[in-house]
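> below is the sequence, then the predicted model.
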Amino acid sequence: MIENTEKSSERKVAIIRREHFNAAHRLHNPDWTEEKNNKIFGKCNNPNYHGHNYELEVKVIGFVQPETGYVIDTKLLSDLIKNQITNRFDHKNLNLDVAEFKNLNPTAENIAIVTYDILREHLDQKLELKIKLYETPRNYVEFPYS
Ligand SMILES: Nc1nc2c(c(=O)[nH]1)N=C([C@H](O)[C@H](O)COP(=O)(O)OP(=O)(O)OP(=O)(O)O)CN2
């Protein structure tokens, strides 16, 4: 658990760590016909999957700790993201290899929510957490939205 115990002032600071991973996925709803899947998801429903170079930004907001001057040590944050997210998602087929997406469509929205839920468990409740995930250079999602 990464803690944020004392506040040195009433001012909060946001610190952002950027990581990346490459992964394959398929957008598909098994309750729909192939025709409907193709209509809704188009080329993203390719049964042989397709890949993205995901860019992940993890924003942590909290009070600066008086002893360190840190909100959170970026090394600890980087290790947390690597251990919990990128090591599990990088060079994987999200639909087949990642348990969270066995029954959940791996859209950018759902990947951001899953990432949030995993990281949230490891951070002090006093720290706010926001996820920004770029699926392509032109499409990204934010969770929670602001
Ligand atoms: N709301 C969402 N819409 C779409 C998602 C998603 O996760 N959430 N995902 C996709 C596909 O994964 C698709 O592969 C996106 O890639 P692409 O169409 O190539 O993306 P771009 O818009 O950046 O490419 P253009 O060249 O600008 O078309 C689709 N929708």
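Received the coordinates, thanks.

> residues making contact with the longest helix anywhere in the chain?
Longest helix of the chain, by residue count under DSSP state H: helix 108-120. Here helix 108-120 makes contact (CB atoms under 8 Å, 6 or more residues apart in numbering) with 54, 56, 58, 80-81, 84-85, 89, 94, 100-101, 104, 129, 131-133, 135, 139-144. Heads up, the C-betas are built off the backbone N, CA and C, glycines and all.

> stretch 126-141 now?
So stretch 126-141 is contacted by 2-5, 12, 52, 54-63, 71-72, 108-109, 111-112, 115-116, 119-120, 123, 142-144, 146 (CB under 8 Å, 6+ apart).

> could I get the full set of helices for this structure?
34-41, 74-81, 87-89, 94-97, 108-120.

> so which bits of the chain are right by the ligand?
27, 44, 50, 107-109, 135-136, 138-139 (CB under 6 Å from any ligand atom).

> point out where the chain drops to low pLDDT.
5-10 (pLDDT under 70).

> now the strands for it?
Assigned strands in the chain, in chain order: 12-25, 50-63, 92-93, 128-134, 140-143 (criterion: DSSP state E).

> now render these as TSV, adding mean neighbour count.
Shown next, in TSV, are these (neighbours: other CB atoms under 10 Å):
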stretch	mean neighbour count
strand 12-25	17
strand 50-63	18
strand 92-93	16
strand 128-134	19
strand 140-143	17
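
> check the gap between the residue lying farthest from the centre of the chain and Asn29 for me.
The outermost residue of the chain, judged against the average C-alpha position, is Glu35 (30.5 Å), by CA atoms, centre = their mean. Going from Glu35 to Asn29 by CB to CB, to the nearest Å gives 12 Å.

> one more: Glu142?
24 Å.

> what's the closest of the helices of the chain to Asn22?
Of all these, it is helix 87-89 that lies closest to Asn22, at 8.8 Å by CB to CB.

> quick one: the closest one to chain centroid distance?
Chain-centre distance of helix 87-89: 11 Å, with CA atoms, centre = their mean, to the nearest Å.
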